[in-house]
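Peer 1: missing the sequence, but the structure's below:
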């Protein structure tokens, strides 16, 4: 019977639609939660050097704050961190900046992020195969350390709201305050790719002063 | 905007156009959603293909999100577009999906403020549906997104932390600003659509009216065509169209097949028509066609065809001539007159017999008078002879013994015999007998002259050049005598101005022609009911011609038909009173057979005079 066939088809179609909608909602919820978790879970803050490490082969500015930012050369989240940093430095042009690029392989020295880092005002790029990172202690890409002229750590943390998220956020505000006041301590969660893998762990305590 | 109430048809067209628009827009969104999905995956793969843990890398969750969330968002909308295109639920779900895509893309691009323009672009796309409710849905979605995310994670939507509580209203206001523009556009577009629907409705109504008329006209045309076809193909007449330039028929009705026995298609081949013409008619028919091409005048013609089985088929054709720049076209109707021709031939024979019978009766009367007095004279001679024989026998028996007595007796017999009377009357009787015999001889000679050697043979028009000399005076005398006997109430007069010259031809056919004219004159007198019914036949010689004027006291011939009375088959007599062929045949005999002339000399209410002119070969040899 055509009418019965049509009813059956319509019924099957309804069931399929319901399943599809259900799967869609489940997918949205599941992926959304995973995404939320991925983006909003802060990285390991590590054990950062509370004072400028004397062993560090970097120059501490004695007239202005010195900013050290540790980056993973290919971390997509760090793009947002560097963008926020560029804006901060444009508004507060005082600090000497050292961008420490964790190098895992030769091509890391010419990544897009490295080029972006070179464009930061008053900045020098340093390539690090792990030692310098261990000296300063951060374990997450995009981690910003600001040391006062006397070598005291006055800000430590990320300057994005979440992983790769542009826009106003408490970390950036705290950094700006630290630069402006040359006083700390400012702390913020850092969002970015872990600098060390499972096979590449360099404990901060090892090099810490 | 057109606010006039729409007709039911216009409303239906408007709704239909809107439904069609919704379906089209659904299809547009199918591709837009798929494109956005692909774009989301590409942008995620381009901006953040990998996520790293040290040197180890994995596919970035944004790529998965774009793939899975994009698919999850598109799935229900694409399913509805496929299965329920144009449905209100479909476009509502599409709208929600489109706005969620804005949120997804904003997120995948790391919250870039520029990506927020996707919202405004999406609203414009949603406006393609020309459905105000969808603008509401989209606006509610945007507002809810901003409200909820503003409450939960304000930086992700406003780019600032701790925004004012009303910040979502600010964003909603800008969206509303675009909404106003879009709603105005939708209203205008709907107005245009209504106007178009109104126009289409009136066009449709006109079209329906026209179609209705077309149906009616088509039916009328079909009926007319059927009538035409019945007329052309069912009646006995054969309708045809002939192209003289190509020497073939372009059309000929199917009745021609039973008529002549050749397949109809053959007439469309060049030359076939001429090939089936009777040999004796071919030259005349071709001349007629040539004349028609030259003067373009319609005409009639009788012609004969040789049918496939050898029959001779007589046909009369009424032909209309059309002269065109690309050639002459002849169109006509042909009627089979073979049967009629046979009947006419029989009728002519009957008329000829009637004429001959009438002439024979006249001749018999003429002969009767001399025979009567010949009989009387012969009887008288017989009586004389018998009495003379008796007297002689009596004389033989007289007794001769007394000579005196015998002498007296003989004298007595002679005296009684009245010899002087016998001597006077017998020569008279013999002279009378002789005159009577001369008269009979003359009448018989005239009769032979009239009937000729072939009184009932096949009809021939005669021949003025090869014929015999004709004694017109004798012929007319005999014909009038015959006529007097037949139409006793009509007074026939014969007036000779001079002894007519000798006319050469066929005496028999000429006598029939003249007899026909006398018959017509007598009938005209009868028809008029005139008390003094008289037919006068005047004969005189002029310019090498004999002129015979036959005058009747009939009602005259109306001027309107005077030119037509000699046409074939023309008649003013009722049905059953002759075929009308008489005058035409008579003229043929006089004009064609004897190089003569026949015309109406005068005609009026007092009567008609017909003039016959015949050429003479020489003056009469007879004494006047």
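Peer 2: On my side now, so go ahead. A quick note: this is a predicted structure, and the numbers were derived from the prediction, not measured.

Peer 1: ranges for the strands of chain B?
Peer 2: B:50-53, B:56-59, B:238-243, B:248-252, B:299-306, B:312-324, B:327-336, B:468-470, B:491-496, B:503-505, B:534-542, B:545-551, B:597-604, B:607-615 (DSSP state E).

Peer 1: okay, those strands, which one's buried deepest?
Peer 2: strand B:503-505 (a mean of 24; mean count of other CB atoms under 10 Å in any protein chain shown). Using the backbone N, CA and C atoms, a C-beta is placed for each residue, glycine as well.

Peer 1: biggest helix in chain B, by residue count?
Peer 2: Counting by DSSP state H, the longest helix found in chain B is helix B:167-234.

Peer 1: mean confidence score for that one?
Peer 2: For helix B:167-234, mean pLDDT rounds to 89.

Peer 1: burial count for residue B:177?
Peer 2: For residue B:177, the count of nearby residues is 11 (other CB atoms under 10 Å in any protein chain shown).

Peer 1: related to what we said a few turns ago, out of the strands of chain B, which is closest to residue B:113?
Peer 2: When those are compared by CB to CB, strand B:50-53 sits nearest residue B:113, at 24.1 Å.

Peer 1: what residues does the closest one touch?
Peer 2: By CB atoms under 8 Å, 6 or more residues apart in numbering or on different chains, the residues outside strand B:50-53 that reach it are A:38, A:72, A:74-77, A:141, A:193-194, A:196-198, B:57-61.

Peer 1: picking that back up, next, the angle from the longest helix of chain B to strand B:327-336.
Peer 2: If you take axes from the mean of the first three to the mean of the last three CA atoms, to 10 degrees, helix B:167-234 sits at 50 degrees to strand B:327-336.

Peer 1: tell me if helix B:167-234 is near chain A.
Peer 2: No - contact between helix B:167-234 and chain A is absent, the nearest approach being 12.3 Å (criterion: CB under 8 Å from any CB of the partner chain).

Peer 1: show me what that helix is packed up against.
Peer 2: The elements that helix B:167-234 packs onto, with contact taken as 3 or more CB pairs under 8 Å, 6 or more residues apart in numbering or on different chains; DSSP states H and E, are helix B:8-47, helix B:117-127, helix B:132-152, helix B:154-158, strand B:238-243.

Peer 1: for residue B:195, which of those is the nearest?
Peer 2: Short answer: helix B:8-47, nearest of the helices and strands packed on helix B:167-234 by CB to CB, at 9.5 Å.

Peer 1: so the closest one versus helix B:132-152, what angle?
Peer 2: 30 degrees.

Peer 1: okay, buried residues for helix B:8-47 please.
Peer 2: B:9-10, B:13-14, B:17-18, B:21-23, B:25-26, B:29-30, B:32-33, B:36-37, B:40-41, B:43-45, B:47 (16 or more other CB atoms under 10 Å in any protein chain shown).

Peer 1: again, but for stretch A:16-30
Peer 2: Across stretch A:16-30, burial judged by 16+ other CB under 10 Å covers A:17, A:20, A:21, A:24, A:27, A:28.

Peer 1: list the contacts for the residue nearest to the first one when sequence neighbours are not counted?
Peer 2: Sequence neighbours aside, residue B:79 is the residue nearest to residue A:17 in space, at 5.8 Å (criterion: CB to CB, 6 or more residues apart in numbering or on different chains). Neighbour list for residue B:79: A:16, A:17, A:20 [criterion: CB under 8 Å, 6+ apart].

Peer 1: helices along chain A, start to end?
Peer 2: A:2-40, A:78-91, A:112-118, A:131-136, A:170-181, A:204-207.

Peer 1: one more: the stretch 451-600 of chain B?
Peer 2: B:472-486, B:507-528, B:559-562, B:582-587, B:593-594 (DSSP state H, counting those that start in this stretch).

Peer 1: relative to chain A, which of those is closest?
Peer 2: helix B:559-562 (80.7 Å; CB to the nearest CB).

Peer 1: run a quick neighbour tally on residue 163.
Peer 2: Here I'm looking at chain A. 32.

Peer 1: sorry, should have said chain B
Peer 2: So residue B:163, with other CB under 10 Å, has 18 neighbours.
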